[in-house]
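A.B. asks: Please work out how this folds:
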Amino acid sequence: MKIERNKQTMIRFKDCINTNDLALAEKLIAPEAEFASLVSEAKLYGGAGYLSVVEFMRRSFSDIHWEIVDMAAEDDKVAVSWICSGTHDGDFMGLAPTGKKFSFRCMNFYYFNDEGKIINDVAAKGLIGLFEALGLMKSPKI
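C.D. replies: All right, here's what the predicted structure looks like:
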């Protein structure tokens, strides 16, 4: 029952980040949920904190969109494989707009409290972990 509830929350979460719906974010994300991000030196909290990262991305990629490719769940966590796509039509961390379209696959692990709200989001790093270890990329403070 809990597993299915959490998977349904992720489907609603997809809608939330694609529409930047703060009211929905506050229903799905616990207010005490803490997120680390490259866009802020300070910790971000709750739905508003999470959507501030989405807003940052939307300023650089106005048509950014996330689709769930696959999900696996157990107990209080759900792993989601995403396809993220968009167009680089705004400044991104000092890089002027290129007009290039992109699409890439990424994976995140979401953790839930007993009420079924998201309390943490951990991105799987893949090769980015290597880039961070070599000093080629800055990682968020966790």
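A.B. asks: Which parts of the protein are helices?
C.D. replies: In the chain, the helices defined using DSSP state H lie at 2-19, 22-28, 46-60, 127-133.
A.B. asks: So which bits of the second one are buried?
C.D. replies: Residues of helix 22-28 classed as buried: 24-26, 28 (neighbour count, 16 or more other Cβ atoms under 10 Å). Yep, even glycine has a C-beta here, placed from its N, CA and C like the rest.
A.B. asks: Could you do stretch 72-79 as well?
C.D. replies: Neighbour count says stretch 72-79 has 73, 76, 78-79 buried, by 16+ other Cβ under 10 Å.
A.B. asks: Other residues contacting that stretch?
C.D. replies: Contacts to stretch 72-79, defined as Cβ atoms under 8 Å, 6 or more residues apart in numbering, come from residues 2-3, 6-7, 9-10, 71, 107-113.
A.B. asks: what's near enough to touch D63?
C.D. replies: So D63 contacts 86-87, 89 (Cβ under 8 Å, 6+ apart).
A.B. asks: do the same with D21
C.D. replies: D15.
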